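> Build the 3D model from these lines:
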Amino acid sequence: MYGLWRSRVARLCLTAAFAGLSLVMAGWAVFAGPASARQVGTRANDSGVASSGSPPTMQRPDPGMATVLNPRRSASAFQAGVTVLAFGNDPDFAAKSRAVLDRIASLGADTVSLAFPLFQSSWTSTDVHSDTAQTPSDTMIATFVREAHRRGFTVMLRPLLDEATLQPAGKWRGTISPSDANAWFANYGAAINRYASLAQANHVEIFDIGTELVSLEGATSQWSALVGSVRGVYHGQVTYSANWSQPFVGFASALDFVGIDAFFPLDAPTDASADQLGRAWQQWLPQLDQVGRHVGKPVVVTELGTTSETASFREPWVWKHDTGLSLDAQTRYYAASCRALKSRVGGIYWWDFLLDPPTTPSTDPGFVPEGKPAELQIASCFR
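Predicted structure coming up:
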């Protein structure tokens, strides 16, 4: 999403730990109940979902652990997903991972995407690397994956190129221009293959090789080669997340499904109802259908969301609109988007949950739906 990544970092710095798992709004509660009250899902790997390597022995869930209500039974099953964006190596990473996964399971999601940052020095540089301070360690990532699998989730691993070093020049990940494209692909490929190997070692079901790298998507041969090298070390499903504005990528045939970050602008009145927003979605649906027909592959919405601000749906990729707080606008967008998309795509991943969500959700204008009415729309969408 253009203009978003640096603000994500800033937002993470402003948020603190969210106390408790319960959410009570309008007399309705979402909570992580006892395991005895829930269907205890088997590991997704044991259910026919495409997996990477031999799954470890299934562990019994802890008392009180929320588990996925309806685990996916095949690789082609709908991906009822939520993205968790993680930065750094918090000593409480494991406990916070368990808490957010319990919360997401209680909403009816069956898939979770773990997104974490990679970096390059500038928009023209060729280096691509993790950062010991900001990128979760391999151990932290493995911990998150293990806890997700214990709850019955399908897991997507998603390295994302951070924009903090790009935005001073007015750039974002979709406009980078490496001084030596071959060198960039070599370095990017090395980083991606390292995480693909980590995904394989931890039996991750889906691996996302890149996100919204619009300016480099024309290098079809390099991307196809990267997909091939990833498949050499990783045996699960492989995808790429295209930006909504450029959803057709030349290497899509090499993927298992096409990801689209669906921040389509909705032309609707400032105080649009969910029905009006649903009608505004109609102009974009044929394009999603066309992508699927063109490549003969399923289309999955790998990012979907908007901020809690008035009319944010007009440019849902923007982090800060300064149009005033409106939890209702975000809620109506969630409701309309689910209705418009769910029957036409192979999955939806809501953007985004954090390990440290806002401490006062009712006054937070950002993307995070945790603790807001929009969170209930996720439960409604996935039920």
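> any idea where the helices of this protein begin and end?
Counting by DSSP state H, the chain has helices at residues 5-14, 93-106, 138-150, 181-201, 220-233, 274-281, 285-295, 327-341, 373-382.
> can you dump the C-alpha coordinates of the last one into CSV?
Okay, so that is helix 373-382. In CSV, the C-alpha atoms belonging to helix 373-382 read as follows (Å, rounded to 0.1, in the frame of the first residue of the first chain):
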residue,chain,number,x,y,z
PRO,A,373,-17.0,-2.9,15.8
ALA,A,374,-15.2,-3.8,12.5
GLU,A,375,-13.8,-6.9,14.4
LEU,A,376,-17.3,-8.2,14.7
GLN,A,377,-17.7,-7.9,11.0
ILE,A,378,-14.8,-10.3,10.6
ALA,A,379,-16.7,-12.8,12.7
SER,A,380,-19.9,-12.3,10.6
CYS,A,381,-17.9,-12.7,7.4
PHE,A,382,-16.3,-15.9,8.4
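> ok, back up a step: could I get the helices of the chain in a markdown table, plus columns for mean pLDDT, mean neighbour count and distance to residue 161?
C-beta: built from backbone N, CA, C; applies to glycine. Below are these laid out as a markdown table (pLDDT from 0 to 100; neighbours: other CB atoms under 10 Å; distance: least, CB to CB, whole Å):
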| stretch | mean pLDDT | mean neighbour count | distance to residue 161 |
| --- | --- | --- | --- |
| helix 5-14 | 39 | 16 | 8 |
| helix 93-106 | 98 | 22 | 22 |
| helix 138-150 | 98 | 20 | 17 |
| helix 181-201 | 98 | 19 | 8 |
| helix 220-233 | 98 | 17 | 14 |
| helix 274-281 | 98 | 18 | 28 |
| helix 285-295 | 94 | 15 | 22 |
| helix 327-341 | 98 | 23 | 25 |
| helix 373-382 | 97 | 21 | 27 |
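> How far off centre is stretch 303-316?
Averaging C-alpha positions (CA atoms, centre = their mean, to the nearest Å) puts stretch 303-316 16 Å from its chain's average.
> Endpoints of it, how far apart?
By CA to CA, to the nearest Å, the extent of stretch 303-316 from end to end equals 11 Å.
> likewise stretch 319-327?
With CA to CA as the measure, the ends of stretch 319-327 fall 15 Å from one another.
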